[in-house]
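> sequence and predicted model, in that order:
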Amino acid sequence: MRNLLILLTITISGLITAQDNNKAIVVMELFTSQGCSSCPPADKLLEAIKEEHKDDNVFVLSYHVDYWNRLGWKDPFSSEEFSDYQRDYAQQFYSRSIYTPQLVVNGSEHFTGSNYTKAQIALRKYAKTKTTNTISIEKIQRENESVIVNCAIKGKEFDRVTLALVVSERITEIGRGENRDRTLKNSNIVASRLVKEDVTGTINLPIPDWVNSNDNLTLIAYTQDMSLKTTGATKVDI
């Protein structure tokens, strides 16, 4: 378990941002794939939630898994790491398999990512739940191959903190697979993810090659307990 105050010294400059201590946070993690014909409605729902709650403590992340790649289309944003993360959730939820689209809310429940009704219920539910950790991030700079941040975490003990670099949106022409000949839009795509139990010193969050210099990037940080339940979150535009 972590100490009550952890400093991630990552050389950057700017204003410190943090979620309001008096408000709850809602972290929505969508496990999706461009190779899955059931995923585009979930991608659209995530985008709608992002836009509707852009001024709220609602944090959406799109994790593209890699196990659909063998069926004709390789998702350019997919990663084996993200598939493994989804398997971690499956263990916590006592699920025998993983699926897409899957929407995980605050690490506490999951359902089909295109289910509008359940998503709205979850938003209302977790908007009433107080967070136990407050995260502050100070942005300094985006370099050619990495992003560097300074992060402070206060509150109760937690198990780990995730730093996720997300790309605001991408539009892709799909040439093969279940979505062939379709144009797909993905939002808040996780480009890279750094997970730490205890972080000190200087840390660089890598920027993958597929990220362009004109992409709008956001850093989303969130803490989790041992059962992967979310205990705090914040974000900052880069």
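Structure's in. What do you need? Residues are numbered from 1 along each chain as shown.

> burial of the closest residue to residue 37 other than its chain neighbours, as a residue count?
By the measure of Cβ to Cβ, 6 or more residues apart in numbering, the closest residue to residue 37 outside its immediate chain neighbours is residue 178, 3.8 Å from it. In this view, the C-beta of every residue, glycine as well, is placed from N, C-alpha and C. Neighbour count for residue 178, taken as other Cβ atoms under 10 Å: 17.

> how far away is residue 178 from residue 212?
According to Cβ to Cβ, to the nearest Å, residue 178 and residue 212 sit 26 Å apart.

> equivalent analysis for residue 149, please.
When residue 149 is compared with residue 212 (using Cβ to Cβ), they lie 20 Å apart.

> tell me which stretches of the protein form strands.
Counting by DSSP state E, one finds strands in the chain at the ranges 6-8, 16-18, 26-32, 58-64, 102-105, 109-112, 133-142, 146-155, 160-173, 183-196, 204-206, 217-224, 230-237.

> got the contact list for the fifth one?
Read that as strand 102-105. The contact list for strand 102-105, computed with Cβ atoms under 8 Å, 6 or more residues apart in numbering, reads 26-31, 42, 46, 86, 89, 110-113, 115, 118-119, 122, 126.

> given that strand, what are its sheet partners and their directions?
Strand 102-105 pairs in its sheet with strand 26-32 (antiparallel), strand 109-112 (antiparallel), by DSSP bridges.

> and that strand, how far out from the chain middle?
In terms of Cα atoms, centre = their mean, to the nearest Å, the centre of strand 102-105 is found 11 Å from the chain centre.

> pLDDT on that strand, on average?
The average pLDDT within strand 102-105 is 98.

> in CSV, list the C-alpha atoms belonging to it.
Extracted C-alpha coordinates of strand 102-105, given in CSV (Å, rounded to 0.1, in the frame of the first residue of the first chain):
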residue,chain,number,x,y,z
GLN,A,102,-16.8,-3.6,-22.2
LEU,A,103,-17.3,-0.5,-20.1
VAL,A,104,-15.8,-0.5,-16.6
VAL,A,105,-16.9,2.2,-14.2
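
> filter the contacts of strand 102-105 to the buried ones?
26-31, 42, 46, 86, 89, 110-111, 113, 115, 118-119, 122, 126 (16 or more other Cβ atoms under 10 Å).

> so for residue 149 and residue 212, which sits in the more crowded spot?
Under the criterion of other Cβ under 10 Å, the comparison of residue 149 against residue 212 puts residue 149 first, with 25 against 9.

> my guess is that one contacts residue 138. True?
Yes. Under the criterion of Cβ atoms under 8 Å, residue 149 makes contact with residue 138 at 6.8 Å.
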